[in-house]
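Visitor: Prediction below, plus the sequence it came from.
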Amino acid sequence: MHSNRIIMDKQGLLYNTERGQIIISEYGRNMQEMIRHLMEIEDRQKRTEAAQFIISVMAQMNPQVKQSDDYLHKLWDHLYIISDYQLDVDSPYPMPEPQARAERPRHVGYQNNHIEYGHYGHYMAKMVEMASAVDDEEARQALALSIANQMKRNYTEWGGNVVSDQQIIADLKNMSHGRLVLDEETKLNGVEPSMKPGQQGQGKKKKKKKQSNLKADMNNPNNPAYKKRKQQQQ
């Protein structure tokens, strides 16, 4: 009875949590095992040929790396990294330095632009600043009106609420430090809060559809208007 018992390989029963860590997750554990066996090939030429084959397999498994011009160099770097920098083959590229991978990338920092009227957006504040510097009164007034209309659109899209023209005009005056001033009775153009993008042309479509349905009804023999029209034709 014991002689017929199937002896299973314990390695096949291990959970991934019990195995070694995957060095580069894009290639998976099987690729990592292939590279480990590659390092056990004693003949250097055969080991190099096997490494070149593995590079071609890595390119298929990680196709996005081909988007860069030096993708082959990157693949060889990945091969060396997965081998823990122990692979000895005739590579077209030098082995990368282990400490280069350990270095953290330089922090690029975050923008810390303080905008008092953030609901209008950073670029709108820049536009107000540039328009305020215009010396020509007529040109500055034209820019003020255009900017105020855009501010109203931005406010409506940001909050989805109705905003008065007087509020926009007051905000523009404050943002420009009194350089862009519009009359309080100025009527501004904006987007209705209930009107979502892409809905502007739906009214015409519905009207057209209604007219086509009416036309179809006029050709319906069961429609009284159709019978009346037939009687008049006779």
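Guide: Everything's here; your move. Numbering: from 1, shown residues only.

Visitor: where do the helices sit along the chain?
Guide: 28-38, 44-61, 71-82, 98-102, 122-132, 137-159, 165-175, 202-218, 224-233 (DSSP state H).

Visitor: Would you mind listing the residues in contact with V181?
Guide: V181 makes contact with 144, 169, 172-173 under the criterion CB atoms under 8 Å, 6 or more residues apart in numbering. (Glycine included, C-beta is placed from N, CA and C.)

Visitor: Redo the helices of the chain as TSV? Include mean neighbour count.
Guide: Below are the helices of the chain laid out as TSV (neighbours: other CB atoms under 10 Å):
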stretch	mean neighbour count
helix 28-38	16
helix 44-61	15
helix 71-82	19
helix 98-102	9
helix 122-132	16
helix 137-159	17
helix 165-175	18
helix 202-218	10
helix 224-233	10
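
Visitor: Ok, which of these comes nearest V89?
Guide: With distances scored as CB to CB, the stretch of the helices of the chain nearest to V89 is helix 44-61 (4.4 Å).

Visitor: what's the weakest-modelled helix or strand in this protein?
Guide: helix 202-218 (a mean of 52; mean pLDDT, DSSP states H and E).

Visitor: domains for the chain, by residue range?
Guide: The record assigns the chain these domain ranges, following automatic domain parsing: 15-102, 113-195.

Visitor: can you tell which of those domains is closest to K230?
Guide: domain 113-195 (44.3 Å).

Visitor: can you pull the contacts of the residue nearest to G121 when sequence neighbours are not counted?
Guide: Closest residue in space to G121, ignoring its immediate chain neighbours: N154 at 5.8 Å, by CB to CB, 6 or more residues apart in numbering. Shown in contact with N154 (CB under 8 Å, 6+ apart): 119-121, 124.

Visitor: Let's see that with 10 Å instead.
Guide: Contact analysis of N154 by CB atoms under 10 Å, 6 or more residues apart in numbering lists 117, 119-121, 123-124, 163, 168, 190-191.

Visitor: of those, buried ones?
Guide: Buried members of these, scored by 16 or more other CB atoms under 10 Å, are 117, 120-121, 124, 163, 168, 190.
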